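Asks: sequence isn't available, so here's the structure alone:
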């Protein structure tokens, strides 16, 4: 084993030159005998799209670094400081991340299959700024309990959309973590702390939860079997509701809702499907104006040509849902999951309402996942799509006039023929605008 490069702070040019050399020499695990780093500082650098399979970077700092799509398969990142790092679509298959600090790291779409994170520190910045504990060290079960008592003062780690299939997360502190849409198939979560965790749309098939703390965790749109939570503390955990006779009750619900709309809320009853599992339903062509679908499961549900102006789909799971030609003016889809949904020629523009004077209500889609969604020909004028994930989305011919794609992810998105006048793209990643 060669002597590791130790206690060195790298600038962008030197880091890239050395790591590209590592990439060229990379022949699998054996290459780690030629290149290893110990307590080096790569903070703030762009290290994206590099193959670092098998590398040893024990105790290295990557604070606010960009490691998007970097291959770190079998890498040794024991005790690494990854606070605020962009790890989107990075490959950590079988990597050693024990004791790593992932506070505020973005692991959207990252692959942590069979990675080791047991007893890792996954709690981020304290409310009001600053960190409760700046050290990087392994947490013993006793000290972990101490941290968990403090966890309500902290924000959650963002693991939305992360691929954690078969990852070893045993005894990890994931309190108040956002695992919305994460792939946790077969993951080991035994004795982990998931208190207050958000698991909307997460795939938990085959995940092991024995002895886990699931108090106040939200599983409303998650995929799971109830038997998986045997022996867990599920006090005040939230699970989705199923209405067996919904098909029979729907006509009366629609009648009452129509009265509510026509009377501006003075009569009738607003349609509210919050936290319900609506899979298998078809609402195509119906008038569901201002309907509420908060945290509902509408995967694959038909809304073709449906009137949904001012509808609320906040946090809903609408994967592969069919919204073609739907009227979605002024709708709210904050943190919804619309992967592979069909929104072709849907109207997501402004809705003009009259109070004392005309008021425009814009569609809000912040932090919404639209991976591989079809938005071709859609009206997205003024739409707020900040922090959206538009990876491989089809925006061909869409009208994005004055739309906000600030800090969005647009890798592989297609915008041929789209109207891009006054489009706001500050901080957008992977965005390739068509030639004028």
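Replies: Now that the structure is in, tell me what you want to look at. These numbers were taken from a predicted model, which means no experiment stands behind them. Numbers count the residues shown, from 1 in each chain.
Asks: helix/strand/coil for residue 253?
Replies: helix (DSSP: H, G, I helix; E, B strand; the rest coil).
Asks: how far away is it from residue 330?
Replies: Noted for residue 253: a distance of 22 Å to residue 330, by Cβ to Cβ, to the nearest Å. Every residue, glycine included, has its C-beta placed from N, CA and C.
Asks: again with residue 349
Replies: From residue 349 over to residue 330 the distance is 8 Å, taken as Cβ to Cβ.
Asks: now whichever strand or helix holds residue 23: buried residues?
Replies: Taking DSSP states H and E as the criterion, residue 23 maps to helix 12-25. Going by neighbour count (16 or more other Cβ atoms under 10 Å), the buried part of helix 12-25 is 15-16, 18-19, 22-23.
Asks: next, the closest residue to residue 111 other than its chain neighbours: phi, psi?
Replies: Nearest residue to residue 111, sequence neighbours excluded (Cβ to Cβ, 6 or more residues apart in numbering): residue 163, at 4.3 Å. Main-chain torsions, residue 163, degrees, to the nearest 10: phi -90, psi 110.
Asks: residue 163 against residue 115, yeah?
Replies: No. Using Cβ atoms under 8 Å, residue 163 is not in contact with residue 115; the gap is 10.0 Å.
Asks: hey, what's in contact with both of residue 349 and residue 330?
Replies: Any residue near both residue 349 and residue 330 by Cβ atoms under 8 Å, 6 or more residues apart in numbering counts here, and that gives residue 363.
Asks: which of residue 253 and residue 330 has more neighbours?
Replies: Neighbour totals were compared for residue 253 and residue 330, and residue 330 leads with 23 against 17 (other Cβ atoms under 10 Å).
Asks: what's near enough to touch the more buried one?
Replies: Applying Cβ under 8 Å, 6+ apart to residue 330 gives the contacts 309-310, 350-351, 353, 361-363.
Asks: run through the stretch 251-400 of the chain and note the low-pLDDT ranges.
Replies: Applying pLDDT under 70 to the stretch 251-400 of the chain flags the ranges 354-357.
Asks: make that the stretch 51-200 of the chain, sorry
Replies: 104, 118-158.
Asks: how about the strands in it?
Replies: With strands called from DSSP state E, counting those that start in this stretch, the stretch 51-200 of the chain shows them at 56-58, 123-126, 154-156.
Asks: give me the beta-bridge partners of residue 233?
Replies: Judged by DSSP bridges, the bridge partners of residue 233 are residue 213.
Asks: so what's the residue count around it?
Replies: If you count neighbours by other Cβ under 10 Å, residue 233 ends up with 16.
Asks: contacting residues around it?
Replies: Residue 233 neighbours (Cβ under 8 Å, 6+ apart): 212-215.
Asks: same deal with residue 256?
Replies: Residue 256 neighbours (Cβ under 8 Å, 6+ apart): 268-269, 271.
Asks: tell me which of those residues is nearest to residue 5?
Replies: Residue 5 has its nearest neighbour among these in residue 271, at 62.2 Å by Cβ to Cβ.
Asks: picking that back up, quick one: which of the contacts of residue 256 is most hemmed in?
Replies: residue 271 (23 neighbours).
Asks: ok, that one to residue 384 distance?
Replies: To residue 384, residue 271 is 24 Å away according to Cβ to Cβ.
Asks: likewise residue 171?
Replies: Distance from residue 171 to residue 384, by Cβ to Cβ: 40 Å.
Asks: likewise residue 262?
Replies: 29 Å.
Asks: the more surrounded of the two?
Replies: Per other Cβ under 10 Å, whichever of residue 262 and residue 384 has more neighbours is residue 384, with 21 against 12.
Asks: wait, the more buried one sits on residue 362?
Replies: Yes. Counting by Cβ under 8 Å, residue 384 touches residue 362, with 6.1 Å between them.
Asks: wait, is residue 261 part of a strand?
Replies: No. Residue 261 sits outside any strand when classified using three-state DSSP, being helix.
Asks: count of residues packed around it?
Replies: By other Cβ under 10 Å, 21 other residues sit near residue 261.
Asks: over to residue 8?
Replies: 16.
Asks: quick one, helices of this protein?
Replies: For the chain, the helices defined by DSSP state H cover 12-25, 141-150, 246-262.
Asks: same question for the first one, mean pLDDT?
Replies: In this case it means helix 12-25. For helix 12-25, the mean per-residue pLDDT is 89.
Asks: so what touches that helix?
Replies: Residues from elsewhere that reach helix 12-25, judged by Cβ under 8 Å, 6+ apart: 10, 31, 34-35, 42, 45-47, 50-52, 55.
Asks: return a PyMOL selection command for the buried portion of the residues you listed.
Replies: Per 16+ other Cβ under 10 Å, the buried members of the contacts of helix 12-25 correspond to this PyMOL selection:
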select buried, resi 10+31+35+42+45+47+50+51+52+55
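Asks: now the two most distant members of the contacts of helix 12-25.
Replies: 34 and 46 (23.8 Å).
Asks: in stretch 272-284, what's buried?
Replies: The neighbour-count check on stretch 272-284 (16+ other Cβ under 10 Å) flags 273, 275-278, 281, 283-284 as buried.
Asks: starting at the chain centroid, how far to that stretch?
Replies: Taking Cα atoms, centre = their mean, to the nearest Å, one finds the center of stretch 272-284 at 22 Å from the center of the full chain.
Asks: now do the same end-to-end measure for that stretch.
Replies: Taking Cα to Cα, to the nearest Å, the first and last residues of stretch 272-284 lie 17 Å apart.
Asks: having no further points to raise, I will conclude here.
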